[in-house]
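sequence and predicted structure, then a few things I'm wondering about:
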Amino acid sequence: MPNTKRARLVASTIAIALGATALAACGSSDDSKADSGPVNLTFWSWAPGMDKVVDLWNKGPGKKDQITVTFKKQASGDTLVTKILTAHKAKTGPDLVQAEYQALPTLVSNGAVADISKEIGDAKSKFADGVWGQVTLGTDAVYAVPQDIGPLMFYYRADLFKKYGLTVPTTWDQFAETARALKKKAPDVDLTTFSANDAGLFAGLAQQAGAKWWTTSGNKWKVGINDAATQKVAKFWGGLVKEGAIDNQPMYTPAWNKALDTGKQIAWVSAVWAPGVLTTAAPSAKGKWAMAPLPQWSANEDVTGSWGGSSTAVTTDSKHQAAAAKFAAWLNTNGDALDTMAKEGGIYPASTSAQLSGAFSNPPAYFSNQADFYTKAAEIAKTTAASAWGPNVNVAYTTFNDAFGTAAKNKSDFVTALNTMQDTTLADMKKQGFEVSQ
Amino acid sequence: MSSLAVRKAAPAAGTTPGTAQGPPLRRRIALIPTITLLLGAVYTLLPVAWVVIASTKSGSELFSTFTFLPGTGLMGNLKDLNAYRDGVYWKWMGNSALYAGLGALLSTGVSAFSGYALATYRFKGREAIFNVLLAGVLMPPIILAIPQYLLMAKAGLTDSYLSVLLPQILSPYGVYLSRVYAAAAVPADVVEAGRMDGASEWRIFTRIAMPMMIPGMVTVFLFQFVAVWNNFLLPYIMLSDDEKFPITLGLFTLLQQGNSQPALYTLVITGAFLAVLPLIALFLVIQRFWSLDLLSGAVKS
């Protein structure tokens, strides 16, 4: 997502200043005492409209349980992770934080978030297994409650597909053919672009192909960023860029917005939250876009990756971890809370029961022509592949931006860029003191 | 924003060519500097012009119409900005004014005291102190933000107005500038004469030295004001309550809304445009103190 240079600068500055932090030391919360009497909690989050949801809690269940939550709006992204870690160093962190899934391993390995498996009751049943796996990190602990998810989908200009005589691709081979066919018919129009600014999307695409970038066995990490599945994805997109079948310019730039708005780019591989982005990026194309499942690697598969999504975690600094976990569970499973979040903040809930209720009975305004938008989305969400995040996703992402940025610009080999990403990430893990197996 | 001084100086410098040469030669020589400076002015003013024009565009016009064609959405943008989280923008503006105004004032005061002391008094360790300060000038404040946060946390002051104000009061650069300026603008004879007449050291400083140092202090104030106004990392680390955010931080939260929501570009651009106005106003108002420089610098010794 829009990730300013400044944000990255800040993130790396803070990271350097903090110094490399050592081995995985999982926070345990066994010492959290049963709370009695009024409790005040602070909550760092970036979701728009979260203040209204917190109000709901403070007037309803929070009042009954004497748990008051204070919401403090933050800027999202890697910078927030480093801010949380800084606060954790000084033991002044908030009680609750919103954390992207790929940031959780970093927070856990720094001991910043607590294991709340004992406090959240039956929350697990409300989420798909793949989603739940992202907050347990494959252990018996639970480090957060899933809030929103971003399953990948295929968005396209329905009217222009018709005009150019294209059919919606269901496999990646068809996708490549569609791109080539379009180039023949309209040389100045691109099907889509490969953006080297958005590592999250590439990670999602690799995830769909079955990639597992970080895995653990025993207490050793294994980094598999250049595994066979990811190489396949990199070769595919690198090939399309090289032959000029698709554009190689980054997304989320004014030029990209214009291309989407004027029909110079007629498709976008994105996540369920795309309608919000399209609303501002391509305002004049409202009602002309449509959504379909992501193309598959082989025709008999049905799987997607994810891009974005976040969870609510309880910090180890919190003196009221049980109360905080109670709030986190309510926030992400209560119908009213999720409905308000969806309406005010445009989030797509991780909770399966909320995906078809209330705010999601009608399609987003931008997709008013596609009545079953959210029914389809819920079906696609079920097919999300499990993800495997590690403790230095930020390093991998930064390297992606650099290596793939150069490769996309020069239309050179994407696999070389992928190997750079693997080597840099692995070296950083070793430098940080993680035990890594080759 | 911080290049305003350069911008203001550019056209003025371009119109005062060298004096020794004859008329025809002078015209030819002045051409190249003038063009260079004009290019410099265009280079620095173009982004500002972009912000001004972009702030008049509504969300649907922002990326679809010609870049330098004014839009029709200025009023709408202002209204949206005003409505965002119950007008929290104005709160940020007020916070920035407080951090920058009070911070720069205190910082200038401290700089004036210490600069004057370092320039006029001879005492043991004077050079050592000055050298440490010089090292401080070379140290980017960004490096200090985290240690300062940890210190503030020890004092229980994080997420407070003080946590942003206190670290910015001592500006090594301000002290350095004040010392250099005091050494040049306050002749030792004048201070000596004051002592002969029986004035106390405090009186000499406030009544004799301070008026002579005013132009230098205005510069220190302006530098510090702009530095605090544009500061990002320190408040970012220190503050978590967005009611205490300065404008830089507030606009950043508008940009980074997470990926379910698009960045509020129109609000950010309009907000950035409004945020530059106080700085421009400040420069225009305070500029006159600089011309004072030429008059008051002429103390005969």
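Perfect, I can see it now. Numbers count the residues shown, from 1 in each chain, chains lettered A, B, ... in the order given.

domain-wise, how is the chain divided?
Answering for chain A, as no chain was given. Taking automatic domain parsing as the domain assignment, the ranges for chain A are A:5-19+A:29-149+A:307-378, A:151-305+A:389-437.

hmm, I had chain B in mind actually
If you go by automatic domain parsing, chain B breaks into B:4-54, B:81-296.

deepest of the ones you listed, which one?
domain B:81-296 (a mean of 18; mean count of other CB atoms under 10 Å in any protein chain shown). Backbone N, C-alpha and C define where each C-beta goes, glycine included.

show me the shaky parts of the chain.
No chain in the question, so chain A it is. A:1-36 (pLDDT under 70).

oops, chain B please
Using pLDDT under 70, chain B drops low at B:1-29, B:258-263, B:290-301.

indicate the residue of it located nearest to chain A.
Relative to chain A, the nearest point of chain B is residue B:153 (3.3 Å; CB to the nearest CB).

that residue contacts residue A:93, correct?
No: assessed by CB atoms under 8 Å, residue B:153 is found out of contact with residue A:93, at 10.1 Å.

now do the shared contacts for those two.
residue A:87 (CB atoms under 8 Å, 6 or more residues apart in numbering or on different chains).

which strand or helix spans the nearest residue to residue A:366 once chain neighbours are set aside?
Once flanking residues are discounted, residue A:366 sits nearest to residue A:275: 4.5 Å by CB to CB, 6 or more residues apart in numbering or on different chains. Per DSSP states H and E: residue A:275 is located in helix A:274-281.

what's the neighbour count on residue B:74?
Residue B:74 has 17 neighbours, counted by other CB atoms under 10 Å in any protein chain shown.

OK, contacts around the residue nearest to it when sequence neighbours are not counted?
Excluding its sequence neighbours, the residue lying closest to residue B:74 (CB to CB, 6+ apart) is residue B:56, at 4.2 Å. Residues near residue B:56 by CB under 8 Å, 6+ apart: B:70, B:71, B:72, B:73, B:74, B:77.

who's in contact with the residue nearest to residue A:366?
Residue A:275 neighbours (CB under 8 Å, 6+ apart): A:346, A:364, A:365, A:366, A:367, A:373.

residue A:383 versus that one, what's the distance?
For residue A:275, the distance to residue A:383 equals 20 Å [CB to CB, to the nearest Å].

same check on residue B:184?
For residue B:184, the distance to residue A:383 equals 74 Å [CB to CB].

longest single strand anywhere in chain A?
strand A:145-157 (DSSP state E).

after the helix or strand hosting residue A:231 comes which helix or strand?
Assigned by DSSP H and E, residue A:231 falls within helix A:228-242. Heading C-terminal from helix A:228-242, the first helix or strand you meet, by DSSP H and E, is helix A:254-262.

so which elements touch that following helix?
helix A:274-281 (3 or more CB pairs under 8 Å, 6 or more residues apart in numbering or on different chains; DSSP states H and E).

now the element after the helix it packs on, going C-ward?
That would be, after helix A:274-281 and using DSSP H and E, strand A:289-293.

given that next one, what are its sheet partners and their directions?
Strand A:289-293 sits in its sheet next to strand A:145-157 (antiparallel), going by DSSP bridges.

helix or strand right after the strand it pairs with?
Using DSSP H and E, the helix or strand that directly follows strand A:145-157 along the chain is helix A:158-163.

enumerate every residue touching the residue in chain A that chain B sits nearest to.
Chain B sits closest to residue A:90 of chain A, with a gap of 3.3 Å, by CB to the nearest CB. Going by CB under 8 Å, 6+ apart, residue A:90 touches B:149, B:150, B:153, B:154, B:158.

equivalent analysis for residue B:64, please.
Contacts of residue B:64 by CB under 8 Å, 6+ apart are A:257, A:258, A:261, A:262, A:283, A:284.

how about a cut-off of 6 Å?
Residues near residue B:64 by CB atoms under 6 Å, 6 or more residues apart in numbering or on different chains: residue A:261.

for residue B:238, see how far away residue A:315 is.
18 Å.

quick one, the helix holding residue A:275 and strand A:145-157 angle?
With axes from the mean of the first three to the mean of the last three CA atoms, to 10 degrees defining the directions, helix A:274-281 sits at 60 degrees from strand A:145-157.

angle of helix A:274-281 against helix A:254-262?
Using the same axes, to 10 degrees, helix A:274-281 lies at 100 degrees relative to helix A:254-262.

could you export helix A:274-281 as PDB, CA atoms only?
In PDB, the C-alpha atoms belonging to helix A:274-281 read as follows (Å, rounded to 0.1, in the frame of the first residue of the first chain):
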ATOM      1  CA  ALA A 274      -9.800  -2.700  -3.800                       C
ATOM      2  CA  PRO A 275     -13.200  -0.900  -4.100                       C
ATOM      3  CA  GLY A 276     -12.000   1.800  -1.600                       C
ATOM      4  CA  VAL A 277      -8.900   2.400  -3.600                       C
ATOM      5  CA  LEU A 278     -10.600   2.500  -6.900                       C
ATOM      6  CA  THR A 279     -13.100   5.000  -5.600                       C
ATOM      7  CA  THR A 280     -10.400   7.600  -5.300                       C
ATOM      8  CA  ALA A 281      -8.000   6.300  -8.000                       C
END
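
distance from the chain centre to it, please.
17 Å (CA atoms, centre = their mean, to the nearest Å).

ditto for stretch A:261-274
Distance, centroid of stretch A:261-274 to centroid of chain: 18 Å (CA atoms, centre = their mean).

what lies in contact with that stretch?
Against stretch A:261-274 from outside (CB under 6 Å, 6+ apart): A:150-152, A:154-157, A:160, A:189-192, A:259, A:282, A:284, A:307-308, A:348, A:377, B:64, B:259-260.

how about that stretch: buried residues?
A:261, A:263, A:265, A:266, A:267, A:268, A:269, A:270, A:271, A:272, A:273, A:274 (16 or more other CB atoms under 10 Å in any protein chain shown).

thinking again about what came up before, regarding the residue of chain B closest to chain A, which helix or strand does it belong to?
Using DSSP H and E, residue B:153 falls within helix B:141-154.

pick out the residue closest to the middle of chain B.
When chain B is reduced to its mean C-alpha position, the nearest residue by CA atoms, centre = their mean turns out to be residue B:226, at 1.7 Å.

distance check, it against residue B:282.
Applying CB to CB to residue B:226 and residue B:282 gives a distance of 8 Å.

just residue A:94 next, same as before
36 Å.

swap in residue A:269?
48 Å.

again, but for residue B:80
From residue B:80 to residue B:282 the distance is 27 Å (CB to CB).

what's the answer for residue B:89, then?
19 Å.
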